[in-house]
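Novice: pasting the sequence and the predicted coordinates here, then a few questions.
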Amino acid sequence: MIETLSASTGLLASDPVFWMPLALFGIVIFLLAGQIVLDGFDVGCGLLLPWLEPVMRSRVLDSLTPWRGANESWLLLLFVVFMAAFPLGWAPVLGELYLPIMLLVSGSVLRSLSFEFRARAPMAQQSWWMAVFSVGAYCSAAGLGLWLAESVSVLSYGAGFWLFAALVLLAVGSNCILLAACWILTWDAGALRLKAARWARATIRWVAAGMVAVSLILALTNPAIFYRWTNSANLHVGAVWWLLMLCGFVYVEHRVRAVVRNPAAQVWRMPLVVTAALNWFMLIGLVYSFFPFLVLDNLTVWDAAASRESLRWVMAGVVVVAPVLLVFNVLGYWRLFRYKPKLQSA
Amino acid sequence: MRLIFAQAQYGLLSSLLHTFAVLGLGLSWMLVIWDLSSRGQESDAFRFWLRVFALTAYCALSLGLMAMVQTGLVLPLAVERMGNVLGPLLLAIVLTAFVIKSTVFGVVLYSRHRVRPVMFRLALLMTAIGFTAVVTGLSVMESWLRAPAGAGLIDGQFRVYDWLGAIANPQLSMQAMLVAVTTVLMLSSVLASVWALQTRSETDINLPSPVVRLFVWLGLLCTLAVLPLSQQIIELSTGNAAAMVNVLAGEVVATPYQLAMTQFARALLLFWPVHLLVLIVTLSQMTSSSLAREPGELASRVILLGSVTGPMTCFLLWWILYLGKGPDMVLGELPFVDLVTNVAPQYLLFGTILCFAMALMVVGGWMRLTYQALSFGVMTVHRPRVLA
């Protein structure tokens, strides 16, 4: 596959001008995957806050503390690496996405600051900062949803687009809530556990509907993508892909239903792992649909890349610093799975 | 309208980022000197300023994300044209900030009693050095935008042929001077206003640490340097500071950019003497031996003005340098107006409102938490903990 790609670009596979943009594109996708899942459950907690009792709100936010620092780094790194590695892609990819990106970034900043401010505020002000955190989460979810809707759709702004955007917004919000609910199942053994399972049940079908809608719109409005997924060479891969995703949804629904029936059911981290995998499957599918283009049929990864000298510096920076950040993040997230709640039979 | 909204967003977020970044820089070095001079002896005051530093650093980091993305969205063509230079610089800044935040900053903030004093001191020093590197990187970027050097235009894109030349660009010295002056100004302003609040809320207080007094003294010197510095900045922008005096006096008809600059210069002339007075009164109070018995009501009110005059002086210096030219502002050898995005003005208006709301929240939250901590004692912070 690498040879085919290098031949299509007219570059040798060993040429840094070929592999450096490719490697940096991989890093951008990795950061996007982290943003969607690991920042996703953070956003989901913010979406749920208004619907929780005050005591539970504090509990949920306090539980975010160990990996909050790691969660907030994904978005900043994503944009910085993209800007540094693909400066020519910035305007075509993000230039028209002013509103979604502003919402996404404002939401992230609101959450980060309110979280830090809350940690230092007296009791009387805690509820105010929690409300700001929640507003930030709604902004983030809206930004992410609009970004996805505008990226996959070539529909012009009209009733059709806004209908589709509304469905995607609902699906993205549901996805964040699903991630948060599955995350809560990994550490809570009390009343919150039952609530989390109910939220997960209520949202999982919307997530599935959103994923199907995004895939359909993407394929039906872009003939090249439709062909890519349905030609005889790829059809069986696509079929297995969708089957795996269907199994994933059924599995998560089955496990959370078990918790709804009996909160003491031995359900711990698998729903979160499978939900994260579903998100990554969807992301890989989208990337595969577009690759090697950043702007479909218009701008490839190599067209958008920075100059060779700049790419060298970007690559060197990423290679030197990535291990430090990886160790920090892995240590942070390791705690996510280290704790197992003591479940008592009902 | 696009230009106004774009400049409002760019000016607001970048100046706020600059303000919090220089305040963080000042606080980090003050803490290093404090720790060295007190030989590691812990005090409530030291802990308080450590928390203020942490809060400031978080604000700077969050504003950095917002300012970077917002600049990229408002000026997408600037990224396309200057991305080869700004991209690696920006990446270096962000990666440095993250490495510091992930490693030594955590030790400084949460692990003081878990490590040996020498390790804590080392972590504090590394944090200050890291913060300095980040602010230097920002200064290089900002100064390069005004005076692109070490790079040539090929197919409408800047390509670097000399990184050293790009970093040591002709505007860097001016930028470094601005950063140095505003760092001490901001720090002295915060020190003075915290001191004033403390004298108002407590009846029996001790004289502040010598390090605090040292920085207020330095603040006074830097305030005196503001006028010559602003003259330098105006000369740099217009080539003739004397012409600005004529405009200020109303003797000549001003061009639009002279008009914008004149308003900023007028405001600076209003805030500057007040801030000078604030610092003189602060120093007289801080060195007064009778203070513990009878803190002066009027004096503390005057000093409280420092919480506004100091930041405003910094903002105005920054605005004169960046936005002083108004519609004639140039970035990377292209007029600002040519770089502005073509999205619908209503979206830009929405973005501008969002930026102002964010600015209000950051400044309001920071001031409230910092100043109210004096009434509630040392600011608390939840340590990261494992769920078990």
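Specialist: Ah, there it is.

Novice: what ranges do the strands span in chain A?
Specialist: All strands of chain A, identified by DSSP state E, fall at A:293-295, A:299-300.

Novice: so can I have TSV of those strands showing distance to chain B and mean pLDDT?
Specialist: Quick note: C-beta positions are derived from backbone N, CA and C, even for glycine. Output for the strands of chain A, formatted as TSV (distance: least, Cβ to the nearest Cβ, whole Å; pLDDT from 0 to 100):
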stretch	distance to chain B	mean pLDDT
strand A:293-295	13	86
strand A:299-300	11	88
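
Novice: ok, and the closest non-adjacent residue to the residue of the stretch 51-200 of chain B found nearest chain A?
Specialist: When distances are taken as Cβ to the nearest Cβ, the stretch 51-200 of chain B reaches nearest to chain A at B:Gly83, 2.2 Å away. In this structure, B:Gly83 finds its nearest non-sequential neighbour in A:Pro87, 2.2 Å apart by Cβ to Cβ, 6 or more residues apart in numbering or on different chains.

Novice: is it true that B:Asn169 lies in a helix?
Specialist: No - using DSSP: H, G, I helix; E, B strand; the rest coil, the secondary structure at B:Asn169 is coil, not a helix.

Novice: next, give phi and psi for it.
Specialist: The phi and psi values for B:Asn169, taken as degrees, to the nearest 10, are phi -70, psi 160.

Novice: relative to A:Ala196, how far out is A:Arg205?
Specialist: To A:Ala196, A:Arg205 is 17 Å away according to Cβ to Cβ, to the nearest Å.

Novice: which one of those two is surrounded by more residues?
Specialist: Taking neighbours as other Cβ atoms under 10 Å in any protein chain shown, A:Arg205 and A:Ala196 compare with A:Ala196 leading, 28 against 13.

Novice: so the more buried one sits against A:Trp187, correct?
Specialist: No - between A:Ala196 and A:Trp187 there is no contact under Cβ atoms under 8 Å: 10.0 Å.

Novice: returning to what we had before: export the strands of chain A to a markdown table and tack on mean neighbour count?
Specialist: Converted to a markdown table, these look like this (neighbours: other Cβ atoms under 10 Å in any protein chain shown):
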| stretch | mean neighbour count |
| --- | --- |
| strand A:293-295 | 18 |
| strand A:299-300 | 18 |
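
Novice: tell me which of the ones you listed lies nearest to B:Ala225.
Specialist: strand A:293-295 (48.0 Å; Cβ to Cβ).

Novice: in which helix or strand does B:Ile82 reside?
Specialist: Actually, residue B:82 is Met rather than Ile. According to DSSP states H and E, B:Met82 maps onto helix B:76-102.

Novice: residues near the closest residue to B:Ser139 other than its chain neighbours, how many?
Specialist: Excluding the flanking residues, the one nearest B:Ser139 by Cβ to Cβ, 6+ apart is B:Gln175, at 4.5 Å. Look at B:Gln175: counted by other Cβ under 10 Å, it has 21 neighbours.

Novice: got phi/psi on A:Asp15?
Specialist: Torsion angles, degrees, to the nearest 10, at A:Asp15: phi -70, psi 130.

Novice: ok, the closest residue to chain B within chain A to A:Leu192 distance?
Specialist: Chain B sits closest to A:Pro87 of chain A, with a gap of 2.2 Å, by Cβ to the nearest Cβ. Per Cβ to Cβ, A:Pro87 is found 45 Å from A:Leu192.

Novice: could you do B:Arg301 as well?
Specialist: In this structure, B:Arg301 and A:Leu192 are 49 Å apart, going by Cβ to Cβ.

Novice: who's more crowded, these two?
Specialist: Ranked by neighbour count (other Cβ under 10 Å), B:Arg301 and A:Leu192 place A:Leu192 first, with 22 against 12.

Novice: return the residues in contact with the residue nearest to B:Ile93 when sequence neighbours are not counted.
Specialist: Using Cβ to Cβ, 6+ apart and skipping residues adjacent in sequence, the residue nearest B:Ile93 is B:Gly137, 3.9 Å away. Shown in contact with B:Gly137 (Cβ atoms under 8 Å, 6 or more residues apart in numbering or on different chains): B:Leu89, B:Leu90, B:Ala92, B:Ile93, B:Thr96.

Novice: in TSV: the residues you listed, plus neighbour count and pLDDT.
Specialist: Formatted as TSV, those follow (neighbours: other Cβ atoms under 10 Å in any protein chain shown; pLDDT from 0 to 100):
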residue	neighbour count	pLDDT
B:Leu89	22	93
B:Leu90	25	92
B:Ala92	22	92
B:Ile93	21	93
B:Thr96	19	91
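
Novice: now name the helix or strand holding B:Leu369.
Specialist: Using DSSP H and E, B:Leu369 maps to helix B:345-376.

Novice: chain center to that helix: distance?
Specialist: 15 Å (Cα atoms, centre = their mean, to the nearest Å).

Novice: from the contact counts, what lies against it?
Specialist: Under the contact criterion of 3 or more Cβ pairs under 8 Å, 6 or more residues apart in numbering or on different chains; DSSP states H and E, helix B:345-376 touches helix A:98-120, helix B:2-37, helix B:44-74, helix B:172-201.
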